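the sequence and its predicted three-dimensional model are supplied below.
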Amino acid sequence: MIGSNIKKLRVQQGMTQKNLADKLFVSAQAVSRWENNEVEPSVSTILELAKIFGVSTDEIMGIESQKVDDDTEPLKEKENTYHDIPRQFLAVCHNCNQPIYESNEIVRKYDSVVWCKSCETNRITKERNARIDKSIKRRVKSFIISPILAGIWLWIAISGGGFTDFETVMLSIFGTISIFTFTSCCLLANNFIGEMTLTIMSWGFVKMPGLIFTLDLDGCLWFLTVKLGLFLLGMAIFLAFALFALILGLILSVFVYPFAIVKNYRRPDEIEDVF
């Protein structure tokens with residue numbers, strides 16, 4: 001009875017089984033089974049169907065309304081009818097294998113894969129906690145590795161006589177600060193410094209043209225000579241781009257680092273793995 005009523009109301013609304021299934025977050029096969037009276041929808045689903053079709057639940061269930069003086073009797077009959085309907089699940093969670101009875105508890109992962117809201121919430125929480133732990137570890141690394149590299153540069157500058165005049169003093173100090181900030185920005189991985197540096201470096205990988213040569217001694221010597229020259233040229237181009245990327249990264253990191261370290265403390269779950 002319920003199945004034929006659902007089918008009649010669906011046809012009146014001009015819906016296909018797929019249209020109705022999408023509104024209820026169930027499969028078209030579930031709607032087909034309802035209409036063929038193989039299974040009956042749950043009470044919550046009947047309520048949703050009544051909202052979609054704009055009718056009462058009595059009309060879907062085939063219960064004729066009776067006019068009686070005592071309004072409590074129809075309510076009792078209706079309540080008993082609801083309890084007599086077996087509760088049907090809408091889907092099964094592919095993660096915990098538990099049945100899902102409410103449409104708002106369904107989380108679609110793919111076309112044929114659904115999770116319950118509890119499993120999806122747990123997954124999001126675990127991933128966020130993992131990112132936070134990773135972010136804290138990166139912060140600790142930045143506090144250890146960055147001062148070591150900056151100290152090595154400062155030691156080289158001092159031992160090399162880098163404090164002989166004002167210009168070299170400022171260059172040594174700026175180099176120490178920028179090495180600290182650049183290394184920290186790359187390790188924190190919550191800013192654009194590391195990705196920008198790698199991108200500019202990748203521009204230096206130039207594909208050299210192929211060579212045509214004869215298979216004699218002169219041709220082979222010419223081939224080796226030109227090949228070596230092209231290799232050295234390619235290395236020079238790459239080193240030029242790498243040097244430019246490092247210099248640009250060192251300069252910009254001085255301004256980016258304060259925001260990166262504050263972001264690491266305030267929003268540690270925002271992290272991008274570049275290095």
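Sure thing, it's come through.

nearest spatial neighbour of Phe244, chain-adjacent residues omitted?
Ile200 (6.5 Å; C-beta to C-beta, 6 or more residues apart in numbering). To be clear about C-beta, it is placed using only N, CA and C from the backbone, and glycine gets the same treatment.

list the contacts of that neighbour.
241, 244-245, 248 (C-beta atoms under 8 Å, 6 or more residues apart in numbering).

any of those residues buried? List them.
Buried members of the contacts of Ile200, scored by 16 or more other C-beta atoms under 10 Å, are 241, 245.

can you redo the contacts of Ile200 as a markdown table with pLDDT, distance to Val26 and secondary structure?
Shown next, in a markdown table, are these (pLDDT from 0 to 100; distance: C-beta to C-beta, whole Å; DSSP: H, G, I helix; E, B strand; the rest coil):
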| residue | pLDDT | distance to Val26 | secondary structure |
| --- | --- | --- | --- |
| Phe241 | 95 | 56 | helix |
| Phe244 | 96 | 58 | helix |
| Ala245 | 95 | 53 | helix |
| Leu248 | 96 | 55 | helix |
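
could the contacts of Ile200 go into JSON lines alongside distance to Ile2?
Formatted as JSON lines, those follow (distance: C-beta to C-beta, whole Å):
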{"residue": "Phe241", "distance to Ile2": "71"}
{"residue": "Phe244", "distance to Ile2": "73"}
{"residue": "Ala245", "distance to Ile2": "68"}
{"residue": "Leu248", "distance to Ile2": "70"}
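
SS state for Val107?
strand (DSSP: H, G, I helix; E, B strand; the rest coil).

thought it was touching Lys117?
Yes: look at Val107 against Lys117 with C-beta atoms under 8 Å: they come within range, at 5.7 Å.

just confirm Cys185 contacts Tyr257, I think it does.
Yes: using C-beta under 8 Å, Cys185 is in contact with Tyr257, at 5.6 Å.

circling back to that earlier point, ok, Val107 and Lys117, which is more surrounded?
Set Val107 next to Lys117 and count neighbours by other C-beta atoms under 10 Å: Val107 wins out with 20 against 14.

number of nearby residues for Phe166?
8.

where's it relative to Thr176, distance?
Computed as C-beta to C-beta, to the nearest Å, the Phe166 to Thr176 distance reads 16 Å.

do Arg267 as well
Going from Arg267 to Thr176 by C-beta to C-beta gives 29 Å.

the two: who's more crowded?
A side-by-side neighbour count of Arg267 and Thr176, using other C-beta under 10 Å, places Thr176 first with 19 against 12.

ok, that one to Ala150 distance?
Counting by C-beta to C-beta, the gap from Thr176 to Ala150 is 5 Å.

again with Glu120
Counting by C-beta to C-beta - Glu120 and Ala150 are separated by 44 Å.

also Thr125?
From Thr125 to Ala150 the distance is 37 Å (C-beta to C-beta).
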